[in-house]
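1. Predicted coordinates and the sequence they were generated for:
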Amino acid sequence: MSYLLAFAGFSALVMLHELGHFWAAKKVGMRVERFSLFFPPHIWKKTRGETEYCIGVIPLGGYVRIMGMNPNEEIAPELQARSYSRMAVNKRIFVIAAGPLMNVLVAFLILFGLFLVVGLSSPSSTIDQTEAGSPAAAALRPGDKLISVDGKRGDVPALGAAISKHRCAGTPTDGCLATTPVRVVIQRGGETKTLLLTPRYDATAKKTRLGFSFAIAHDQLGPFDSASRSASEMWRISGATMSALSRLVYDPAARKQISGVVGSYEVTRQSFELDLAQALSVLAIISLSLALINLFPFLPLDGGHIFWALAEKLRGRPIAYSVMEKASAFGFVLVLILFAVGLSNDISRLQGVGFGVR
């Protein structure tokens, strides 16, 4: 079921992105010739009005075909006024930006709904439960308070980060200590104890596990606080995403952390196995990341189309097709390289190698 839910979640994000372009193009009067979920060959087609709706067999995205986006396209004289290339620059930018903006809106609505319904989760350092037969079950008890991990003290995120170093086989974690015992100091009934837990590899989840969870407190939020928290979380995610992308140029370790479609799908699938709220959070992050990456100023990404539309407006006349063709080739190669690196990393993760696991 998790495979189907993850696939449905990904498909929804793609469809909503393309729906943003579709709605905006219709709004400004452009002729939309095709709306396709996934890439050809198509297994289903239906024409309604002037638009052909399709479903393809290659689940790597989708597209909207708008008349006039190809400068070499032959257009009937009576339809030229509705072509993309004949529309005002501001209308073209509106249509192109609508896709990423739809993903931003989707991310916000998901987070807003989670904060409003689930509330704000505040993890504590108290052990909530242990899994039967796990490494933690033999040493930890519900109610134990975690004091330090591998000699590191701090708040719950800091303790969780230290623990994650031991749960990282098959995941992109720097300094992975997946096969090394973790030394924890706990407080139990007024007594302090030092324990060693040896992680165990879970072949199903494709990562090492210790087998315990922290107690979580949920604070209910109202609509205003939910909206504020959603905006803050999106700002934090955007900053982290841009920081990670900027490190790709000079940091080999950062390049190993790129996830492609396969990796993102696998993370989403695993999150559906754990908790619906967790899965929705992952989809919100993916939706926002999709928007940010699409806004990079390289053709064929949306940001590339926006960049050249702005260049045309500043220049006062259309940019030569030969210039845009070269820019498109450069952008395509760049996107292809990122896709190849992401796919290579995904394969390594699925095999449980390639992340410096010790």
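-> That came through, no problem.
2. where along the protein do the helices fall?
-> With DSSP state H as the criterion, the chain has helices at 2-28, 89-117, 156-164, 223-246, 252-255, 261-274, 276-294, 302-315, 321-351.
3. Walk me through the domains of this structure.
-> With domains defined by automatic domain parsing, the chain comprises 2-115+283-351, 121-219.
4. Tabulate the ones you listed in CSV, adding columns for distance to E266, mean neighbour count and mean pLDDT.
-> C-beta: built from backbone N, CA, C; applies to glycine. What follows is the domains of the chain, written out as CSV (distance: least, CB to CB, whole Å; neighbours: other CB atoms under 10 Å; pLDDT from 0 to 100):
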stretch, distance to E266, mean neighbour count, mean pLDDT
domain 2-115+283-351, 7, 17, 88
domain 121-219, 8, 16, 76
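5. Could you export those domains as CSV, including distance to A244?
-> Shown next, in CSV, are the domains of the chain (distance: least, CB to CB, whole Å):
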stretch, distance to A244
domain 2-115+283-351, 10
domain 121-219, 10
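6. do you know which of those domains lies nearest G263?
-> Minimum separation from G263 across the domains of the chain (CB to CB) falls at domain 2-115+283-351, 4.0 Å.
7. JSON lines please, covering the helices of the chain and showing distance to I43.
-> Shown next, in JSON lines, are the helices of the chain (distance: least, CB to CB, whole Å):
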{"stretch": "helix 2-28", "distance to I43": "14"}
{"stretch": "helix 89-117", "distance to I43": "24"}
{"stretch": "helix 156-164", "distance to I43": "41"}
{"stretch": "helix 223-246", "distance to I43": "34"}
{"stretch": "helix 252-255", "distance to I43": "36"}
{"stretch": "helix 261-274", "distance to I43": "20"}
{"stretch": "helix 276-294", "distance to I43": "24"}
{"stretch": "helix 302-315", "distance to I43": "26"}
{"stretch": "helix 321-351", "distance to I43": "24"}
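8. For G304, see how far away the closest residue in space to P318 that isn't next to it in sequence is.
-> Computed as CB to CB, 6 or more residues apart in numbering, the closest residue to P318 that is not its neighbour in sequence is E312, at 5.5 Å. For E312, the distance to G304 equals 13 Å [CB to CB, to the nearest Å].
9. again with L248
-> Noted for L248: a distance of 18 Å to G304, by CB to CB.
10. now S322
-> Distance of S322 to G304, computed by CB to CB: 16 Å.
11. my guess is R34 contacts T51, does it?
-> Yes: using CB atoms under 8 Å, R34 is in contact with T51, at 6.7 Å.
12. ok, and the closest non-adjacent residue to the most centrally placed residue in the chain?
-> Nearest to the mean C-alpha position of the chain, counting by CA atoms, centre = their mean, stands I286 at 1.9 Å. Using CB to CB, 6+ apart and skipping residues adjacent in sequence, the residue nearest I286 is S264, 5.7 Å away.
13. Tell me, what's the model's pLDDT at that neighbour?
-> If you check S264, the pLDDT there is 79.
14. How many residues are close by it?
-> Neighbours of S264 under the rule other CB atoms under 10 Å: 21.
15. Renumber starting at 53 from here on
-> From this message on, residue numbering opens at 53, which makes the last subject S316.
16. now the nearest residue to S63 once chain neighbours are set aside: how far from L342?
-> Distances taken as CB to CB, 6+ apart put L89 closest to S63, at 6.6 Å, once the chain neighbours are dropped. Distance of L89 to L342, computed by CB to CB: 15 Å.
17. gap between the two ends of stretch 190-207?
-> With CA to CA, to the nearest Å as the measure, stretch 190-207 spans 25 Å from end to end.
18. chain center to it, what's the gap?
-> 31 Å (CA atoms, centre = their mean, to the nearest Å).
19. and what of stretch 80-92?
-> 24 Å.
20. who touches the residue nearest to the centre of the chain in this structure?
-> Contact analysis of I338 by CB atoms under 8 Å, 6 or more residues apart in numbering lists 62, 65, 316, 320.
21. Which one of the residues you listed is nearest to M53?
-> Closest approach to M53 among the contacts of I338 (CB to CB): T320, at 13.0 Å.
22. ok, now which ones touch the closest one?
-> Applying CB under 8 Å, 6+ apart, we find T320 in contact with 58, 61-62, 331, 334-335, 338.
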